[in-house]
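In: 3D, please:
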Amino acid sequence: MAATKREREQARKRQEKWERRQAQVRARRRRVFALVAVVAVVALFGGTLVVSGVAGGLGGAADPTPTPAAADCPTASTQARSGGKLPDPAAAEDRSWTATVQLCTGSGESDLVVELDGAAAPQAVASFVSLADQGYFDGTGCHRLTTSGIYVLQCGDPTGTGTGGPGYSYGPIENAPEDDVYPAGTIAMARVGGDGASMGSQFFVVYEDSTIPSDAAGGYTVLGTVTSGLDAVQAVADAGVAGGAGDGAPASPVIIEGVETQ
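Out: Model prediction:
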């Protein structure tokens with residue numbers, strides 16, 4: 001009976017997320033149609049229309065300017081959110097989970113499908129699944145891209161500053177590689193340097209094999225692996241960092257529209 005109730009609740013949450021996503025799609029279409037109409041009017045009268053935007057830790061804070069939205073993506077959240085109470089690691093159920101992260105980038109919409117390892121990283125997976133099921137990640141931007149030395153896209157901060165979290169932190173580090181090598185497709189938890197109990201909601205996607213040295217606290221919790229859609233993250237990396245640096249807000253903004261788990 002308990003399992004049936006849980007399945008119904010998960011189905012209800014998926015339906016609500018789908019409805020929110022459809023509403024966002026309709027809103028984007030209205031904005032696009034409005035922009036097309038403005039362009040048409042300007043062209044008709046021989047004017048010039050200029051559309052511009054303003055671009056905007058692993059440890060460390062990112063540029064405090066929030067990640068902007070792409071022209072056809074919803075605006076990224078910049079408000080702090082509560083993730084409720086830290087869930088019991090037993091909620092990971094000692095099993096594999098599938099998380100579908102719905103992304104909107106400058107290249108369009110795509111799904112990043114991730115296999116989460118609830119047996120190897122129970123605390124991290126329990127927290128991620130709980131936050132995803134609450135809609136915590138919905139409408140948040142990926143605030144940090146690194147393209148030199150290590151190759152990761154960092155997400156999960158609703159404030160877009162690199163300093164936000166769910167209102168709780170946890171540790172210890174789980175399932176970190178002994179050789180400090182994080183293969184392409186790795187999903188791992190960000191944390192404060194030297195503090196193995198500072199994980200919250202921020203995570204990073206490794207899009208190219210990276211060696212990330214351990215610090216005094218150890219390595220970084222690996223909670224899963226991308227099984228599909230890594231090419232979308234690679235496309236963001238190919239577009240580079242805003243301003244041409246090697247570490248900062250991505251030049252091609254990335255918005256998480258929703259995360260579904262099962």
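
In: residue ranges of the strands in the stretch 51-200 of the chain, please?
Out: Remark: strands assigned in the stretch 51-200 of the chain by DSSP state E, counting those that start in this stretch are 96-105, 108-117, 140-141, 144-146, 152-155, 181-182, 186-189.

In: ranges for the helices of the stretch 1-150 of the chain?
Out: In the stretch 1-150 of the chain, the helices defined using DSSP state H, counting those that start in this stretch lie at 2-44, 122-134.

In: Confidence-wise, which of those is weakest overall?
Out: Among the helices of the stretch 1-150 of the chain, helix 2-44 carries the lowest mean pLDDT, at a mean of 47.

In: I'd like the strands of the stretch 51-200 of the chain as JSON lines, with mean pLDDT and distance to residue 162 appended.
Out: Using the backbone N, CA and C atoms, a C-beta is placed for each residue, glycine as well. Converted to JSON lines, those look like this (pLDDT from 0 to 100; distance: least, CB to CB, whole Å):
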{"stretch": "strand 96-105", "mean pLDDT": "97", "distance to residue 162": "19"}
{"stretch": "strand 108-117", "mean pLDDT": "96", "distance to residue 162": "20"}
{"stretch": "strand 140-141", "mean pLDDT": "96", "distance to residue 162": "11"}
{"stretch": "strand 144-146", "mean pLDDT": "98", "distance to residue 162": "6"}
{"stretch": "strand 152-155", "mean pLDDT": "98", "distance to residue 162": "7"}
{"stretch": "strand 181-182", "mean pLDDT": "98", "distance to residue 162": "19"}
{"stretch": "strand 186-189", "mean pLDDT": "98", "distance to residue 162": "14"}
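
In: Compare these and give me the one nearest residue 207.
Out: The closest of the strands of the stretch 51-200 of the chain to residue 207 is strand 152-155. By CB to CB, the value is 6.3 Å.

In: and the closest one, what other elements does it pack with?
Out: Using 3 or more CB pairs under 8 Å, 6 or more residues apart in numbering; DSSP states H and E as the contact test, the elements touching strand 152-155 are strand 144-146, strand 203-206, helix 230-239, strand 254-261.

In: Between these, which one is closest to residue 121.
Out: Among the helices and strands packed on strand 152-155, strand 203-206 comes nearest to residue 121, with 11.2 Å by CB to CB.

In: quick one: buried residues of the closest one?
Out: Of all the residues in strand 203-206, those buried under the rule 16 or more other CB atoms under 10 Å are 203-206.

In: before we move on, the earlier item: with respect to residue 132, which of the helices and strands packed on strand 152-155 lies nearest?
Out: Judged by CB to CB, the one of these that comes nearest to residue 132 is strand 254-261, at 3.9 Å.

In: other SSEs contacting that closest one?
Out: In terms of contacts (3+ CB pairs under 8 Å, 6+ apart), strand 254-261 is packed against helix 2-44, strand 96-105, helix 122-134, strand 140-141, strand 152-155.
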